[in-house]
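J.: Model the structure of this input:
(one chain, ligands or ions: 2)
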Amino acid sequence: MKLDEIKHEGLRRWIWQMAAMCEPKDIVIVDGSDAQREEIIQLALRNGDLIKLNQDKHPGCYYHRSNSGDVARTEQLTFICTQDKYQAGPTNNWMSPQEARDRATGIFSRSMRNRVMYVIPFSMGPIGSQFSKIGVQITDSLYVVINMMIMTRAGSAVLDALGYKGEFTRCMHGLASLDPERRLILHFPQDNEIWSVGSGYGGNALLGKKCLALRIASYQARQEGWLAEHMLLMGIESPSGQITYIAAAFPSACGKTNLAMLIPPEGFKAKGYRIFTIGDDITWLRVNTDGQLWGINPEAGMFGVAPGTNTQSNPNAMATIGKNTIFTNTLLKPDYTVWWEGCDGETPASGVNWQGLPWYPGLRDADNKLILGAHPNSRFTAPLSQCPSVSRRIEQPQGVPISAIIFGGRRATVTPLVYEAFNWEHGVYIGATTSSEVTAAQTQGIGDLRFDPMAMLPFCGYNLADYLSHWLRTGERLNPAPKIFHVNWFRKDENGNFLWPGYGDNLRVLEWIISRCNNKIEAQKTAIGFMPGPNDLDLTGLNIDPETMEKLLKIDKDLWLEEMDKREKFLKEKLGNTVPVEIFQQHLLLKNRLNKN
Ligand code: OXD
Ligand code: MN
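T.: Ligands and ions are numbered 1, 2, ... in the order given. Got it, this is the predicted structure:
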């Protein structure tokens, strides 16, 4: 397809402007055809962006290594560029739009000389759905083109939907020198535009994902009266045949992918439970005319964390990545298959690691620190349609009705296995004060505790305090509102061992949650919310003693009161004085209830 064939004049003009800045040697429009995809893959193989994997063992799969300084999202280089600093809020980095454009122009300038500029029209959400948003990404990275073709609905059908003057997000991306000193991830929500330069890493470079579907979309969602969330979306079919849909927010690398496609434990399979996966990372939610909250997954693929994924922890993910998958920064074995820590099978005797260096088990660096074969944030990119548990509803334009919203984090102590909010407002407070121990998906502070409201701290495209009030106002429009829950799969004992088996067994907790949603079970009222009684979770077939269950459900008053101080500090010092009063009221109510107990 030629540039002149694009009907949308504004789009044509923008492409020319960007080309004038970057001076590529050619411009190619991505039409989404298999033939063009094959051509792009061949080019990527020739220029070293991709390595062909063993096609007998990994049909249609390729391997990619990132630059060594470019293996995770760089939140410190990510900016919200609004006219007014207030609009970006106290938790986002802010830069004025003028300064942002000036600085990025300096880096983009002439950066595509001798390179081809690709133009990728894509839709987040099924093409034509009232939920969906169109973006057009420009990039000079073949890896990005190939990933975008998996992660989004990309190609000329999107240009047809865009027509002569449809709205779209301008997504400008370039690798430039890949130097972190010359890297900027810039969002201009007021102009519906993203500029990302200097990184080829997924969350920084696949602009449909975090940049559009969360940061820009959350801003638009507030203007237009909906919600763009960092949530998985799944359906649970109970023995009666009823499917209950739930959306769940967890910070990065806390197991959203595993939960979204869990395999029911044996007893639950026999009872008749089935899981339907809709999304593993992002959910867009709208209040429908029926008063209920409905959701879609705007993505078409999974960009999942590889380490720890195996046929025990996530058989559905392993089946999904059996073909047509891009592996990034895993270990490459001599037979051109891939391996990562926590993968199936034996640890290989040797391989080439994500930095392109020879690796063998036990290899240590100059400081005597063990070197891993795969980067802890190594990833796979695979079409969601290949997931054995995928729901037929992923293509339905109206999405699915949501019965429960779940928040959670990785906490060794304090928060119990599960509890339920008393009402929407209390649930928003629970979401607002969710915290987690930092993982390898962020470059900074691994292991530290950080508050991460609704798991949106790095992804909210506007003032987080206003975001909380948007949540509160959305609740007022809902009838019935979904019930809100909090879960913690990661509680540990005094010796640092996990108390709960997690993975498929999490369905035992989800069963309680959906029974609550469908008014099938009573709960115990506690200071922090409604909780299951000692015999309310079906633990058949699970080797767990009553004392462990007691620990998992324990509310330790002293620890909670300490936690309340941390929450207060976070709300007051980090979120500033515009936090909605309802959030402080809920905080005080909880404190009073804890003190009375
Ligand atoms: C992701 C993340 O890649 O949250 O999904 O970092
Ligand atoms: Mn994520």
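J.: So which bits of this protein are right by ligand 1?
T.: When proximity is defined by Cβ under 6 Å from any ligand atom, the chain lies next to ligand 1 at 73, 203, 252, 281, 303, 441. The C-beta positions use only the backbone N, C-alpha and C, and glycine is treated the same way.
J.: Run a quick neighbour tally on the residue of the stretch 51-200 of the chain found nearest ligand 2.
T.: When distances are taken as Cβ to the ion, the stretch 51-200 of the chain reaches nearest to ligand 2 at Arg73, 9.1 Å away. Look at Arg73: counted by other Cβ atoms under 10 Å, it has 23 neighbours.
J.: Tell me what it is bridged to.
T.: Beta-bridge partners of Arg73, counted by DSSP bridges, are Gln442.
J.: mind checking how far Ser141 is from Asn47?
T.: 11 Å (Cβ to Cβ, to the nearest Å).
J.: same deal with Asp505?
T.: As judged by Cβ to Cβ, Asp505 and Asn47 stand 45 Å apart.
J.: tell me which element the residue in the stretch 201-350 of the chain positioned nearest to ligand 1 is part of?
T.: Among all residues of the stretch 201-350 of the chain, Ser252 sits closest to ligand 1, at 3.2 Å; criterion: Cβ to the nearest ligand atom. Using DSSP states H and E, Ser252 is not contained in any helix or strand.
J.: can you start the count at 7 instead of 1 from here on
T.: With the count now opening at 7, the last piece we talked about shows up as Ser258.
J.: Need the per-residue pLDDT for it.
T.: We have a pLDDT of 84 for Ser258.
J.: Can you report how many residues lie near it?
T.: Around Ser258 there are 23 residues (other Cβ under 10 Å).
J.: Ala163 now?
T.: Number of residues near Ala163 (other Cβ under 10 Å) recorded here: 15.
J.: that older thread, between Ser147 and Asn53, which is the more surrounded one?
T.: It is Ser147, of Ser147 and Asn53, that has more neighbours when counted by other Cβ under 10 Å, with 21 against 10.
J.: And the strands in the stretch 257-406 of the chain?
T.: Here the stretch 257-406 of the chain has its strands, by DSSP state E, counting those that start in this stretch, at 280-285, 289-293, 299-302, 307-311, 332-334, 337-338, 344-345, 357-358, 364-365, 385-389, 406-414.
J.: The second one packs against which elements?
T.: Based on contacts counted as 3 or more Cβ pairs under 8 Å, 6 or more residues apart in numbering; DSSP states H and E, the elements that strand 289-293 packs against are strand 233-235, strand 237-243, strand 299-302.
J.: Over to the fifth one?
T.: Packed against strand 332-334, as judged by 3+ Cβ pairs under 8 Å, 6+ apart, are the following elements: strand 68-70, helix 148-157, strand 385-389.
J.: Mind listing the strands it pairs with, and their directions?
T.: For strand 332-334, pairing defined by DSSP bridges yields strand 68-70 (parallel), strand 385-389 (antiparallel).
J.: what residues does the shortest one touch?
T.: Around strand 68-70, the neighbours that count as contacts under Cβ atoms under 8 Å, 6 or more residues apart in numbering are 47, 50-51, 55-59, 149, 152, 332-336, 338, 342, 344.
J.: Next to ligand 2 in this structure, residues from this protein, please.
T.: By Cβ under 5 Å from the ion, the residues of the chain that approach ligand 2 are 258, 287.
J.: Would you map out the domains in the chain?
T.: As given by automatic domain parsing, the domain ranges for the chain are 9-54+83-230, 235-306+398-602.
J.: Columns distance to Pro354 on top of those, output as JSON lines?
T.: Converted to JSON lines, the domains of the chain look like this (distance: least, Cβ to Cβ, whole Å):
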{"stretch": "domain 9-54+83-230", "distance to Pro354": "23"}
{"stretch": "domain 235-306+398-602", "distance to Pro354": "21"}
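J.: can you tell me which of these comes nearest to Gly66?
T.: Closest of those to Gly66 is domain 9-54+83-230, at 9.4 Å (criterion: Cβ to Cβ).
J.: related to what we said a few turns ago, how about the residues of the chain next to ligand 1, which pair is most distant?
T.: Among these, Arg79 and Asp287 lie farthest apart (Cβ to Cβ), at 12.7 Å.
J.: re earlier: nearest to Ile133, out of the strands paired with strand 332-334?
T.: Proximity to Ile133 (Cβ to Cβ) singles out strand 385-389 among the strands paired with strand 332-334, at 15.9 Å.
J.: Point out where the stretch 157-306 of the chain drops to low pLDDT.
T.: Counting by pLDDT under 70, the stretch 157-306 of the chain shows no low-confidence range.
J.: can you pull out the helices in it?
T.: For the stretch 157-306 of the chain, applying DSSP state H, counting those that start in this stretch gives helices covering 162-168, 208-211, 223-230, 262-266, 272-277.
J.: Check the stretch 457-603 of the chain too.
T.: 470-482, 512-523, 552-559, 563-575, 587-602.
J.: which of those is buried the deepest?
T.: Mean neighbour count (mean count of other Cβ atoms under 10 Å) peaks for helix 512-523 among the helices of the stretch 457-603 of the chain, with a mean of 22.
J.: How about residues contacting that helix?
T.: Applying Cβ under 8 Å, 6+ apart, the contact partners of helix 512-523 are 242, 244, 250, 252, 265, 268, 270-271, 274, 279, 281, 409-410, 412, 423-424, 426, 488-489, 491, 493, 495, 527, 529, 536, 538, 542-545, 548.
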